[in-house]
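Asks: this is a predicted model, with the sequence first.
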Amino acid sequence: MLDFLLGHSIWAFRNGELAFARGWPLWLLVALGALGLAAIVVTLLRRSDLQIWKRAILATLQFAFLAIVLVLLWRPVLNVERIRDRENVVAVVIDNSGSMNVAQGNTPSWRDQAVQALQSSGALKQIAASSELKLFSFDDRAQSLEALGELRGGAGATRIGDALTTVTQMAASVPMAAVVLVSDGAENGGSLSEATLSRLAATGVPVHAIGVGPEQPANDLELEQLQVPDSAAAGETLRAVVSVRHQGQRSTRVRVYDGEKLIASQEVPLAEQAGLTTASVEFPAGEAGVRDLRVTLDAARNETNTQNNERRAVLDVDGRPRNVLYIEGEPRWEYKFMRRAAEPDRSLRIVSSMRATPNRFYRQGVKSGDELKDGLPATEAELDSADAVILGSIEAAAFSHDQHEWLKNFVDRRGGSLLMLAGRDGMGDGGWGRVPLAQVLPAKLPGGSQPSYGTLTSRARLTVYGQESAIGRLDADPARNEKLWAEMPPLADFQNIGALRPGAVVLLEATSGKAGGPQRADPLLVMQRYGRGASYLLATATTWRWQMRLPLEDQRHELFWRQLLHALTAPSPERISLQPEHSVYADESTAELEAQVLDETFKPVPGAVVTVTASADSGAVAPVSIEPSGRDDGRYRVVMQAPAPGLYRVVMTAKLGDKSLGEAVTHLRRVDGVREQFGVYQHKPMLERIAHDTGGRYWKLDELAGLPEAIRYSRAGMVERQTLDLWNMPLGFLLLAVLKLSEWLLRRLWRRL
């Protein structure tokens, strides 16, 4: 109907440019309109028998009539470009991936619904009448079709970017007017980057995207994301971060399995509105070995698609004890109770050196008489053999210039963690704010004659960041955890750590003040990342009071220190490392890993000979290729071919001449038939973005009748320029009749003909 009133297609108006064919000057049109308006106003002003508002209505109707007549006299035209008949190609690209197989109840699959809409609307027939029609299907690759009946349903990944790139490359050799993309938009092959969208837009070929499937899945719980560390120390408590997509369900239970063994379970409340809820579930790393993890969601009532309720992960648990070097300047209760808290944890090895007299250190936990022989590390390699360093109440002057540089490099280059404890000779009072290590710390330690350490009664309180950190997790339930911290006995001392640096994160606060009065909160436990490692400040040395004032069976003090020590040592990298890009490769046969070879001081080893072997749990050997990074940084890119699903063990050895530098082992898993089970709904924003960036349009299945006309007025391919007259369009004459009829009816109503 609209096309009839306009006299031409609505797409001609959307893509055309308005002009006047008479060539008469526009100023004359404006002048005549102004003169006509003046005449109308003068004439109606003489009609004193009419109220002013009635005369205003009549003036408006008369001027609108005059304006339309003047515009038509100037002969308006529409300059348009449209494709030449039978001289262009239109490509129809249909998603044939596994997600398009979805069918609910007795309804056809999404693929069949799309084919039926294309055929019943007559869109393909009309396109073929004016252009050469080429059909393509795609999942993880694009291929041509002779007819829609060849679509049998696929299972591969959805690679929209690769499919569109392959098809639009035809535009270099044939005139292509448009591409019609039929898909649910669930791009999961990583092929539709910003660079790909820019290249598609640069071709000038518009992509018309037809959305298939519902925009919200019905009654479906989906484990959209799973984040689990790739490696851990034996006995460590880890956290799995899960993101659950839901539609009105109130809760679900997350279960963590090691193979078939259940190792953790937690009820997760879901938000009232449909969307994404993120939660964390703690689970034990267990003994040394490989954990083949499976994280699942309990199915919702009457849920039809439960294949997206599960994700896999592989965790390598290192049985090597993590080494902590603790250097203390004086006998203190904190020293004794911290060592006692860590002793039962076999995954931690505490090597301590406490100054007993000015020239004598008392050592504990050493393997031989030569370890820390003089109380302090004698070489940088000896320091770097630790995973974390704790400095107690010992002044900076006790260390040499070289040792200060080693401590800074330990965090920056080695990637270790450093914890500094409060004390009368610690932090700023020990001169640590004036040595190279100061720039590593999360606060600018104060100096001067006034001591920053003294007695103060305060209580430890978790911050928002502390609630998310494993260090402050005394109980998995957040409310219970907060209550346990509130019940902690008070601390007896405090040290001012100075102004925090921009990257500092406060995990614990020390609250002090009279009961019922205003409370003051100062940073108690602070950390920041620096270089490859991290640094911490603990502004108290009386956490031992927690143990002394709690019942003997209460393990909160021990748990806090063990979790803090694990947080210090866990991120510490190995000299010989092999890290997969992902621990699980879904529907992919190629896995990428990064290897690194460093010496005892964690500097790159040039000229090392690296060998990598990989084998599946079935015993089959997997092909592996190794490429140096080319930057002499000891890094190598490892590409492994995983020919079949299963768990793969990858072993790397490094040598320098005849000397063995070490070995690294990691595991990864390939799983098939998984990727297309996630994100099973129409990703409309993605399809709209493709259409918008390329100059096309997004279409619903019930709107396809207008698609052929939209393509006809495309500016790509072989086009011809046309001038369409607008003076004779029915809408113009209809408006003139309506205006005069309205004026006549009003005059008759007001009896002022």
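Replies: Good, I have the coordinates. Numbering: from 1, shown residues only.
Asks: ok now do the residue nearest to Leu26 when sequence neighbours are not counted, which residues does it touch?
Replies: The spatially closest residue to Leu26, leaving aside those adjacent along the chain, is Phe20, at 7.5 Å (Cβ to Cβ, 6 or more residues apart in numbering). Just so you know, the C-beta spots here come from the backbone N, C-alpha and C atoms, and that holds for glycine as well. For Phe20, the residues meeting the contact criterion (Cβ atoms under 8 Å, 6 or more residues apart in numbering) are 26, 74-77.
Asks: what number of residues lie near Met534?
Replies: No Met there; residue 534 is Ala. Counted with other Cβ atoms under 10 Å, residues neighbouring Ala534 total 23.
Asks: just name whatever secondary elements whatever helix or strand it lives in is in contact with.
Replies: Mapping Ala534 onto the secondary structure by DSSP states H and E places it in strand 533-538. If contacts are counted by 3 or more Cβ pairs under 8 Å, 6 or more residues apart in numbering; DSSP states H and E, strand 533-538 sits against helix 401-412, strand 417-421, strand 520-530.
Asks: 6 Å - rerun?
Replies: strand 417-421, strand 520-530 (3 or more Cβ pairs under 6 Å, 6 or more residues apart in numbering; DSSP states H and E).
Asks: what's the first one packed up against?
Replies: In terms of contact count using 3+ Cβ pairs under 6 Å, 6+ apart, strand 417-421 is assigned the packing partners strand 388-391, strand 533-538.
Asks: direction included, what does the following helix or strand past that strand pair against?
Replies: Scanning forward in sequence from strand 417-421 by DSSP H and E, the next helix or strand is strand 443-444. Listed by DSSP bridges, the sheet partners of strand 443-444 and their directions read strand 499-500 (antiparallel).
Asks: quick check, central residue of this protein?
Replies: Nearest residue to the geometric centre of the chain (Cα atoms, centre = their mean): Gln225, 9.8 Å.
Asks: then the strand holding Ala534 to CSV, C-alphas only?
Replies: What follows is strand 533-538, C-alpha atoms only, in CSV (Å, rounded to 0.1, in the frame of the first residue of the first chain):
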residue,chain,number,x,y,z
GLY,A,533,55.2,-11.1,41.0
ALA,A,534,53.4,-9.4,43.9
SER,A,535,54.1,-7.7,47.2
TYR,A,536,52.2,-7.6,50.5
LEU,A,537,52.2,-5.6,53.7
LEU,A,538,50.8,-6.9,57.0
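Asks: separation between the residue lying closest to Tyr530 once chain neighbours are set aside and Ala422?
Replies: Setting aside the residues directly before and after it, Tyr530 is nearest to Val440 in space (Cβ to Cβ, 6+ apart), at 4.9 Å. According to Cβ to Cβ, to the nearest Å, Val440 stands 18 Å off from Ala422.
Asks: more neighbours, these two?
Replies: For Val440 versus Ala422, the count of surrounding residues by other Cβ under 10 Å is larger for Ala422: 26 against 22.
Asks: beta partners of the residue nearest to the more buried one when sequence neighbours are not counted?
Replies: Distances taken as Cβ to Cβ, 6+ apart put Gln495 closest to Ala422, at 3.7 Å, once the chain neighbours are dropped. Counting by DSSP bridges, Gln495 is bridged to Tyr453.
Asks: check contacts around Gln495.
Replies: When the contact criterion is Cβ atoms under 6 Å, 6 or more residues apart in numbering, the partners of Gln495 are 422, 427, 452-453, 539.
Asks: just the buried members of these?
Replies: By the neighbour-count criterion of 16 or more other Cβ atoms under 10 Å, the contacts of Gln495 include these buried positions: 422, 427, 452-453, 539.
Asks: now for whichever strand or helix holds Val180, which elements pack on it?
Replies: Per DSSP H and E, Val180 falls inside strand 176-183. For strand 176-183, the helices and strands in contact under the criterion 3+ Cβ pairs under 6 Å, 6+ apart are strand 89-95, strand 207-211.
Asks: repeat that for 8 Å
Replies: With contacts defined as 3+ Cβ pairs under 8 Å, 6+ apart, strand 176-183 has these neighbours: strand 89-95, helix 160-168, strand 207-211, helix 684-694, helix 707-712.
Asks: before we move on, back to that, and the contacts of Phe20, which of them are buried?
Replies: Using 16+ other Cβ under 10 Å as the burial test, the contacts of Phe20 include 74-77 as buried.
Asks: could you list the paired strands of the longest strand belonging to the chain along with their orientation?
Replies: With DSSP state E setting the assignment, residue counts place strand 659-671 as the longest strand in the chain. The sheet places strand 659-671 alongside strand 584-586 (parallel), strand 646-656 (antiparallel), with pairing taken from DSSP bridges.
Asks: ranking those by mean pLDDT, which is last?
Replies: Averaging pLDDT over each of the strands paired with strand 659-671 singles out strand 584-586 as the lowest, with a mean of 87.
Asks: list the buried ones in that strand?
Replies: For strand 584-586, the buried set under the neighbour-count rule, 16+ other Cβ under 10 Å, comprises 584-586.
Asks: could you do stretch 294-310 as well?
Replies: Neighbour count says stretch 294-310 has 294-298, 300, 303, 305-306, 308-310 buried, by 16+ other Cβ under 10 Å.
Asks: closest one to Val612 out of these, please.
Replies: The nearest member of those to Val612, counting by Cβ to Cβ, is Arg294 at 27.0 Å.
Asks: next one: the nearest residue to that closest one once chain neighbours are set aside, what pLDDT does it get?
Replies: In space, and not counting its chain neighbours, Arg294 is closest to Tyr257: 4.3 Å by Cβ to Cβ, 6+ apart. In this model, Tyr257 is scored at 96, pLDDT.
Asks: ok, residues contacting the strand holding Val180?
Replies: By Cβ under 8 Å, 6+ apart, strand 176-183 touches 83, 88-95, 100, 114, 118, 127, 131, 158, 160, 164, 167-168, 170, 205-212, 687, 690, 694, 696, 707, 711, 714, 716-718.
Asks: go again with 7 Å.
Replies: Where contact means Cβ atoms under 7 Å, 6 or more residues apart in numbering, the residues beyond strand 176-183 that reach it are 83, 88-95, 114, 131, 160, 164, 167-168, 170, 205-210, 212, 687, 690, 696, 711, 714, 716-717.
Asks: give me the angle between that strand and strand 89-95.
Replies: With axes from the mean of the first three to the mean of the last three Cα atoms, to 10 degrees as the criterion, the two stretches strand 176-183 and strand 89-95 enclose an angle of 10 degrees.
Asks: now the element after strand 176-183, going C-ward?
Replies: Past strand 176-183, further along toward the C-terminus, the next helix or strand under DSSP H and E is helix 194-202.
Asks: okay, buried residues for that next one please.
Replies: Within helix 194-202, the residues that count as buried by 16+ other Cβ under 10 Å are 196-197, 200-201.
Asks: may I see these arranged in JSON lines, with pLDDT as well?
Replies: Below are the buried residues of helix 194-202 laid out as JSON lines (pLDDT from 0 to 100):
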{"residue": "Thr196", "pLDDT": "91"}
{"residue": "Leu197", "pLDDT": "92"}
{"residue": "Leu200", "pLDDT": "91"}
{"residue": "Ala201", "pLDDT": "92"}
